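Visitor: Sequence unavailable; structure follows:
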Ligand SMILES: O=C(O)[C@H](O)CO
């Protein structure tokens, strides 16, 4: 989808009067392209080539290898860093070697892997891509909820296994339709989950730092709820919060104990939002019925981790934004952000240290 298709990209490039290369609108002449260090380009999602091509339209792309080969010369050229899915560390030493760095464009909404305070002490801005990730992550939440409820992974294993009974009468899933969904974190993604859940006639409860407006609540049929009530009433609890010091281990033994024995916990935010040891215990003791996790800590889990041994758990490898569309939109949104910083224009999505 072209960047112009999204409101957030309005500041992507300067107006026509500023353009220096008419045949490639918005792109500066080759020698003027600002240096961009790619920390990693979508290594897990198989779109490296096309993303690099997109970035090269606006930047003189420099790889880590090139930087390390000629630190002094290359270091001076770099004005921006593009951080993709692989979440490489940006440390003090790297920042010290880039005297002209102005912006780190994170591809993705979560910035918990970046030390925002340290980066801002270098006078460097950080941006993220909240718009580009919203649909694909909300879809992922729905996919995990449905997969867990209808036991898709087990079903698939039965279907392909030569020696299991094809259908067992005691092997039944539950319906999502008209069940109660508790959404913890009603930001952009949480709201999109609610929009989708409405189509399943779900009763939607939500908890968020800030309450949504009456109109927004009514549009998706969501009711604001205290955490405790939400946990006690929901058949499915979905975590959609950012990872911050306040949300770390938000769901622990006490919270799991409040949930229904028949409830499922779904996590599409960050692994550390759940106390994982408490979750293992709750799943082993059947305090809750099941969990469906796109995120864990660490990622991936060590092969001998108890979560991997439980049959009431579905785990996916942090693929909430791993779609062709989202990956490209994230790059476009990151480019728009970084160019805004470099051109001293209003920045669509800047992230500040807390
Ligand atoms: O933070 C995000 O947007 C996703 O987890 C992808 O990295």
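Guide: Sure, I can see it. Bear in mind the structure is a predicted one, so any value in this text is a computation, not a measurement.

Visitor: Pull up the residues of this structure that are close to the ligand.
Guide: 85, 108-110, 133, 320-321 (CB under 6 Å from any ligand atom). Heads up, the C-betas are built off the backbone N, CA and C, glycines and all.

Visitor: Now for the residues you listed: which two are most distant?
Guide: 85 and 109 (12.0 Å; CB to CB).

Visitor: Looking at those two, which one has more neighbours?
Guide: A count of neighbours by other CB atoms under 10 Å puts residue 109 above the other of residue 85 and residue 109, at 24 against 20.

Visitor: I'd say residue 336 and residue 348 touch.
Guide: Yes: the criterion here is CB atoms under 8 Å, and residue 336 meets it with residue 348 at 5.9 Å.

Visitor: okay, these two: which has more neighbours?
Guide: Between residue 336 and residue 348, residue 336 has the larger neighbour count (other CB under 10 Å), namely 27 against 21.

Visitor: Spell out which helix or strand contains that one, please.
Guide: If you go by DSSP states H and E, residue 336 is part of helix 324-342.

Visitor: Only the buried residues of that helix, if you could.
Guide: Residues of helix 324-342 classed as buried by neighbour count (16 or more other CB atoms under 10 Å): 326-342.

Visitor: helices or strands up against that helix?
Guide: The contact analysis (3 or more CB pairs under 8 Å, 6 or more residues apart in numbering; DSSP states H and E) places helix 324-342 against helix 48-56, strand 78-83, strand 103-106, strand 125-127, helix 130-149.

Visitor: That one to helix 48-56, inter-axis angle?
Guide: Relative orientation of helix 324-342 versus helix 48-56 (axes from the mean of the first three to the mean of the last three CA atoms, to 10 degrees): 20 degrees.

Visitor: What pairs with the next helix or strand after helix 324-342, parallel or antiparallel?
Guide: Using DSSP H and E, the helix or strand that directly follows helix 324-342 along the chain is strand 350-351. Sheet pairing here is set by DSSP bridges, and for strand 350-351 it gives strand 125-127 (antiparallel).

Visitor: Please enumerate residues in contact with the strand it pairs with?
Guide: For strand 125-127, contacts defined as CB atoms under 8 Å, 6 or more residues apart in numbering pick out 102-106, 111, 114, 116, 119-120, 334, 337-338, 341, 347-351.

Visitor: Apply 6 Å and report the result again.
Guide: Contact with strand 125-127 is made by 103-105, 116, 119, 337, 341, 349-351, as judged by CB atoms under 6 Å, 6 or more residues apart in numbering.

Visitor: could these be laid out in TSV, adding pLDDT?
Guide: Formatted as TSV, these follow (pLDDT from 0 to 100):
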residue	pLDDT
103	98
104	97
105	97
116	96
119	98
337	98
341	98
349	98
350	98
351	98
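
Visitor: out of the residues you listed, who's nearest residue 207?
Guide: Distances from residue 207 to those, taken by CB to CB, are shortest for residue 351, at 22.9 Å.

Visitor: what does the model give residue 213 for pLDDT?
Guide: With respect to pLDDT, residue 213 scores 98.

Visitor: again but with residue 10, I slipped
Guide: pLDDT for residue 10: 25.

Visitor: Likewise for the one 4 residues further on?
Guide: Reading off the confidence values, residue 14 has pLDDT 25.

Visitor: same thing with residue 30?
Guide: 49.

Visitor: repeat for residue 68
Guide: On the pLDDT scale, residue 68 is placed at 91.

Visitor: Now it: phi and psi?
Guide: Per-residue torsions, residue 68: phi -70, psi -30 (degrees, to the nearest 10).

Visitor: Would you mind giving me the confidence score for the closest residue to the ligand within the stretch 251-354 of the chain?
Guide: For the stretch 251-354 of the chain and the ligand, the shortest gap (CB to the nearest ligand atom) falls at residue 321, measuring 4.2 Å. You'll see residue 321 listed with a pLDDT of 96.

Visitor: so which strand or helix has residue 319?
Guide: In this assignment (DSSP H and E), residue 319 forms part of neither any helix nor any strand.

Visitor: can you tell me the helix or strand for residue 212?
Guide: Residue 212 is part of no helix or strand when elements are defined by DSSP H and E.

Visitor: residues contacting it?
Guide: residue 186.

Visitor: Please repeat the previous calculation with a cut-off of 8 Å.
Guide: Each residue near residue 212 by CB under 8 Å, 6+ apart is listed here: 186, 191, 206, 222, 224.

Visitor: cool, residue 284 as well?
Guide: Taking CB under 8 Å, 6+ apart, one finds 306, 310 in contact with residue 284.

Visitor: Return the distance of the helix or strand of the chain with the lowest mean pLDDT from the chain's centre.
Guide: Lowest mean confidence among the helices and strands of the chain (mean pLDDT, DSSP states H and E): helix 48-56, at a mean of 85. Chain-centre distance of helix 48-56: 21 Å, with CA atoms, centre = their mean, to the nearest Å.
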